[in-house]
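> Sequence first, predicted coordinates after that:
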Amino acid sequence: MVLRTERDKETGVALLTLDRPDRHNAIDLATAAELAAAWRAFRYDEEVRAVVVTGAGGRAFCTGIDRGVEVPQPPSPYTIDDPLIAIGPKANDLWKPVIAAVEGMACGGAFYLLGESEFVIASEEATFFDPHTTYGMVSAYEAISMAQRMPFGEVARMSLMGTAERLTARRAYETGLVSEVTAAGGAVAAALRAAEVIASYPTGAVQGTVRAVWSAKEAARAQALAHAPHLIGLGNLPPERQAELFEGRGRGAGGAGFRLR
């Protein structure tokens, strides 16, 4: 198991932790399956009324897909199998409130989780970036998720600058990605406090409010997501070329260093 689930029956809050710190909590196929199963299980668990999701180790919340994973693709040019498409709570029809607690790096596929959380709390040492373009990949699902939270120009800059820039927690707060910045190591505790307050309210009213907030943007989001597979299929470099760029990240300008903003 690469997920840890802790439930507090008194508060009604569950803490879901990605537990692959040696891989910066990157998501392989087993982790993706466990995440989907965990969100579905929470739907039926009446003792859980709110969830906090985080990453173990303090160095990273999640760094997206594990680069060691091989994802077989169908031969049809009209379909793409994305192993991360169902790792978020909304993709699994969970409408109990979810709060993301970010310590360290959050990048790439981490935005599938951040984008489907109600709000994000980050420690002052957290950083956010999207490496897709650096390695010859289209940022589609990730950029669409962030476009629901951040101003257009900020999403475009983060998505296009790749590994050359990292968004600090303070800047993420200023742009609306993060709702609260804590001292180092304090994100989970702050998220649990907020979750406990929410879980103490009548669950029907809470879940109805979650649905109402999401319905305000769901039409535009669904329309944008419908285009994502085609954009990825057209714009991604072949996997072997992506691998070359990734392996050379320490030698190129984009991988040798980065600028915080």
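Cool, got the structure.
> residue contacts, Ile144?
Under the criterion of CB atoms under 8 Å, 6 or more residues apart in numbering, the neighbours of Ile144 are 115, 221, 224-225, 228. Any C-beta I mention is one placed from the backbone N, CA and C, and that applies to glycine too.
> change it to 7 Å
221, 224-225, 228 (CB atoms under 7 Å, 6 or more residues apart in numbering).
> for it, helix, strand, or coil?
helix (DSSP: H, G, I helix; E, B strand; the rest coil).
> re earlier: next, format the contacts of Ile144 as CSV and append neighbour count.
CSV is the format used below for the contacts of Ile144 (neighbours: other CB atoms under 10 Å):
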residue, neighbour count
Arg221, 16
Ala224, 17
Leu225, 14
Ala228, 19
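> which one of the residues you listed sits closest to Val138?
Ala228 (8.3 Å; CB to CB).
> excluding its backbone neighbours, what's nearest the closest one?
Among residues not flanking Ala228 along the chain, Ala140 sits closest, at 3.8 Å (CB to CB, 6 or more residues apart in numbering).
> Can you show me the strands along the stretch 151-261 of the chain?
165-168, 180-182, 259-260 (DSSP state E, counting those that start in this stretch).
> who wins for proximity to Pro74 among those strands?
Using CB to CB, the nearest of the strands of the stretch 151-261 of the chain to Pro74 is strand 165-168, at 34.8 Å.
> elements contacting the closest one?
Judged by 3 or more CB pairs under 7 Å, 6 or more residues apart in numbering; DSSP states H and E, the packing partners of strand 165-168 are strand 127-129, strand 259-260.
> Tell me the strands beside the longest one, with direction?
Note on strand 127-129: by DSSP bridges, its sheet partners are strand 105-107 (parallel), strand 165-168 (antiparallel).
> can you put those in CSV and add mean pLDDT?
Below are the strands paired with strand 127-129 laid out as CSV (pLDDT from 0 to 100):
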stretch, mean pLDDT
strand 105-107, 96
strand 165-168, 96
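> okay, these, which one's buried deepest?
strand 105-107 (a mean of 26; mean count of other CB atoms under 10 Å).
> Now do Val178: how many residues are near it, please.
29 (other CB atoms under 10 Å).
> quick revisit: redo the strands of the stretch 151-261 of the chain as a markdown table? Include distance to Ala205.
As requested, the strands of the stretch 151-261 of the chain are exported to a markdown table (distance: least, CB to CB, whole Å):
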| stretch | distance to Ala205 |
| --- | --- |
| strand 165-168 | 34 |
| strand 180-182 | 23 |
| strand 259-260 | 40 |
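> Relative to Glu247, which of these is closest?
The nearest among those, by CB to CB, is strand 165-168 at 20.9 Å.
> Provide a complete list of residue ranges assigned to helices in the stretch 1-150 of the chain.
29-44, 110-115, 141-147 (DSSP state H, counting those that start in this stretch).
> and those helices as JSON lines, adding distance to Gly104 and mean pLDDT?
Shown next, in JSON lines, are these (distance: least, CB to CB, whole Å; pLDDT from 0 to 100):
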{"stretch": "helix 29-44", "distance to Gly104": "17", "mean pLDDT": "96"}
{"stretch": "helix 110-115", "distance to Gly104": "10", "mean pLDDT": "96"}
{"stretch": "helix 141-147", "distance to Gly104": "18", "mean pLDDT": "90"}
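> Name the stretch among these that sits most buried.
When the helices of the stretch 1-150 of the chain are compared using mean count of other CB under 10 Å, helix 110-115 is most buried, at a mean of 26.
> what packs against that helix?
Helix 110-115 packs on strand 60-62, helix 141-147, going by 3+ CB pairs under 7 Å, 6+ apart.
> how far is the longest one from where the chain is centred?
Its chain's average C-alpha position is 10 Å from that of helix 141-147, according to CA atoms, centre = their mean, to the nearest Å.
> do the shortest one as well
Taking CA atoms, centre = their mean, one finds the center of strand 60-62 at 9 Å from the center of the full chain.
> Check which helices and strands that strand sits against.
strand 50-55, strand 105-107, helix 110-115.
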